[in-house]
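Here is my input; please provide its structure:
(one chain, ligands or ions: 2)
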Amino acid sequence: MAATNSAALLRASDICKTYQTPDHIGRLVLDHVNFALRDGEIVAILGKSGSGKSTFLRILAGLIPSSEGVVEYRGQPVRDPAQGVAMVFQSFALFPWLTVLGNVELGLEAQGFSAAERRKRAVDAIDLIGLDGFENAYPKELSGGMRQRVGFARALVVNPDILLLDEPFSALDVLTAETLRNDLVDLWSERRIPTKGILLVSHHIEEAVEMADRILIFGSDPGRINAEITVPMPRPRDWDAPQFRQIVDQVYTLLTTVPGRDGRRGAKPEPIGLGYRLPDAPVQQLSGLVDRLAEAPFNGHADLPHLADEDGLAVDELFPLIEALQLLGLGHVSGGDIDLTAAGRHYAEADMQERKQIFADAVMKHIPLAAHIRRVLDERPGHRAPASRFLRELEDHLSEEEAERVFDTLINWGRHAEIFAYDIDDEVLSLENF
Ligand code: ADP
Ligand code: MG
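Ligands and ions are numbered 1, 2, ... in the order given. Here you go, the predicted model:
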């Protein structure tokens, strides 16, 4: 692909988004995001779940309004779904009663083409994406990978100037995803599609490094662009090339660095807030990971991509655990590597009772929500409090669903560490039998 020139196809200036909450205070999910997609480039966005990536894409596409800021497509403000901007989602709702051809033609609805023209364009898009021969098949006859190809064909049928891809390969198995990704990169590199710019949300680091010219790292609460990495490699890119691995390491580091634990050894970690979005990291998995890290071949130190490979762990499974180890002061990430801290090593060597104690100390010291709950229970005459009390507090910071997830993590940690007891039927926390 030719070098990018500086013309912005799509520009987002100071985008903020607040979603309404039941208490009408509103929750800020995007905070002054500035971004320009230039002619000729593929940009990837990586970030934790809930960091506002999909919201940002929807705003760019004109599907939902921003609360503040403007989006411009070729210099024109975007208010409604912009012609020329097409989106592909993780999974597509295909109409089961329509054939592949019928489903793809839907992409052209409301664009004023004649039936014959619609048909011709749909057939072309189907050929392009490698579904020829399946024009008259129904969705139920197709594999997941082929359905996703129908989704791509529906986006490509409008000859989009810009493609916004929201984790389009995430629901597919590894090999199917790789094939479809390669096909898309080929279409792009060989200029067989008229598309001038692609913005891809991904949760797969190698995928982003393979495809993108630039990678944006989103931070959460509120969502914003925390870092940007350029990938100055020609395509096709070899996953094993030293430069590729080095960029992967760099991205790992940026994604796994917890605020205030930014790799400066000896730096005093900044405390997290009460409403911090604790990762989904049950203690059983955490202790498994500490054991794994302590053993050969790692002996307390691992390259994160290597660890993910070695254990067949998806990034989505590994990241929450890595984040939790850092939050709890058991692990330390820098340069794409994780080290067990002194506390982490101590934990690895300890017996079960001692492990509980180390874990309890770490939770009480580093997780303000745990300390807060314990304090409330200590102070109350009956040493009991309903879960709803704490859930309400969390909902000042998080959506209802996320508050519940965070609370589940905390309950898992707190019960294990015997910081409090929890009655799952009554949903009551207490210090019973302590
Ligand atoms: P990502 O794609 O990075 O996982 P999203 O953009 O889907 O993040 O969501 C960002 C935050 O906004 C999340 O906390 C999510 O719960 C919240 N959110 C998303 N859509 C809505 C909505 N329609 N109403 C209220 N909150 C929402
Ligand atoms: Mg999303």
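
Just the closest residue of the chain to ligand 2, please.
With Cβ to the ion as the measure, residue 54 is the residue of the chain nearest to ligand 2, at 3.2 Å. Where you see a C-beta, it was placed from the backbone N, CA and C, and this is true even at glycine.

That residue belongs to a helix, doesn't it?
Yes: counting by DSSP: H, G, I helix; E, B strand; the rest coil, residue 54 is located in a helix.

Need the pLDDT of it.
Per-residue pLDDT puts residue 54 at 96.

could you show me where the strands are in the stretch 251-400 of the chain, in order?
In the stretch 251-400 of the chain, strands defined by DSSP state E, counting those that start in this stretch lie at 301-303, 331-334, 337-340, 384-386, listed in chain order.

mean confidence score for the first one?
If I follow you right, that is strand 301-303. Here the average pLDDT along strand 301-303 is 93.

And the second one, by the same measure?
Mean pLDDT, computed over strand 331-334, is 91.

mind checking how far that strand is from the chain centre?
20 Å (Cα atoms, centre = their mean, to the nearest Å).

before we move on, the earlier item: dump the strands of the stretch 251-400 of the chain to a markdown table, plus distance to ligand 1.
Conversion of the strands of the stretch 251-400 of the chain to a markdown table gives the following (distance: least, Cβ to the nearest ligand atom, whole Å):
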| stretch | distance to ligand 1 |
| --- | --- |
| strand 301-303 | 26 |
| strand 331-334 | 21 |
| strand 337-340 | 24 |
| strand 384-386 | 24 |
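
Mean neighbour count added to those strands, as a markdown table?
A markdown table is the format used below for the strands of the stretch 251-400 of the chain (neighbours: other Cβ atoms under 10 Å):
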| stretch | mean neighbour count |
| --- | --- |
| strand 301-303 | 18 |
| strand 331-334 | 21 |
| strand 337-340 | 22 |
| strand 384-386 | 16 |
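
Make TSV out of the ones you listed and add distance to ligand 2.
As requested, the strands of the stretch 251-400 of the chain are arranged in TSV below (distance: least, Cβ to the ion, whole Å):
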stretch	distance to ligand 2
strand 301-303	28
strand 331-334	24
strand 337-340	26
strand 384-386	32
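
Show me the one of the ones you listed that comes nearest residue 34.
Within the strands of the stretch 251-400 of the chain, the stretch nearest residue 34 is strand 331-334; the backing value is 27.3 Å (Cβ to Cβ).

I'd like to know how many residues surround the closest residue in space to the residue of the chain closest to ligand 2 that isn't next to it in sequence.
For residue 54, ignoring the flanking residues on the chain, the nearest one in space by Cβ to Cβ, 6 or more residues apart in numbering is residue 166 at 5.5 Å. Close neighbours of residue 166, defined as other Cβ atoms under 10 Å, add up to 20.

Quick check, residue 166 in contact with residue 88.
Yes: between residue 166 and residue 88 there is a contact under Cβ atoms under 8 Å: 6.9 Å.

quick one on the thing from earlier: got the strands of the stretch 251-400 of the chain as CSV, with distance to residue 136 columns?
Converted to CSV, the strands of the stretch 251-400 of the chain look like this (distance: least, Cβ to Cβ, whole Å):
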stretch, distance to residue 136
strand 301-303, 49
strand 331-334, 52
strand 337-340, 52
strand 384-386, 58
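
Quick one: list the elements packing against the lowest-mean-pLDDT helix or strand in the chain.
Evaluated with mean pLDDT, DSSP states H and E, the helix-and-strand set of the chain has its lowest mean pLDDT in helix 304-310, which scores a mean of 83. Packing partners of helix 304-310 (3 or more Cβ pairs under 8 Å, 6 or more residues apart in numbering; DSSP states H and E): helix 242-256, helix 315-327, strand 337-340.

rerun at 10 Å
helix 205-211, helix 242-256, helix 283-294, strand 301-303, helix 315-327, strand 337-340 (3 or more Cβ pairs under 10 Å, 6 or more residues apart in numbering; DSSP states H and E).

Throw those into CSV and include distance to residue 104, thanks.
What follows is those, written out as CSV (distance: least, Cβ to Cβ, whole Å):
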stretch, distance to residue 104
helix 205-211, 24
helix 242-256, 34
helix 283-294, 42
strand 301-303, 43
helix 315-327, 31
strand 337-340, 45
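
ok, back up a step: how close does the residue nearest to residue 54 sit to residue 44?
For residue 166, the distance to residue 44 under the criterion Cβ to Cβ, to the nearest Å works out to 12 Å.

got any ranges where this protein has weak pLDDT?
Of all residues in the chain, those with pLDDT under 70 make up the ranges 1-6, 258-270, 311-315.

wait, which of the strands of the stretch 251-400 of the chain is closest to residue 146?
Scanning the strands of the stretch 251-400 of the chain with Cβ to Cβ as the criterion, the closest one proves to be strand 301-303, at 36.1 Å.

any residues touching that closest one, and which ones?
Applying Cβ atoms under 10 Å, 6 or more residues apart in numbering, the contact partners of strand 301-303 are 245, 248-249, 252, 289, 292-294, 308-311, 322, 331-332, 335-340.
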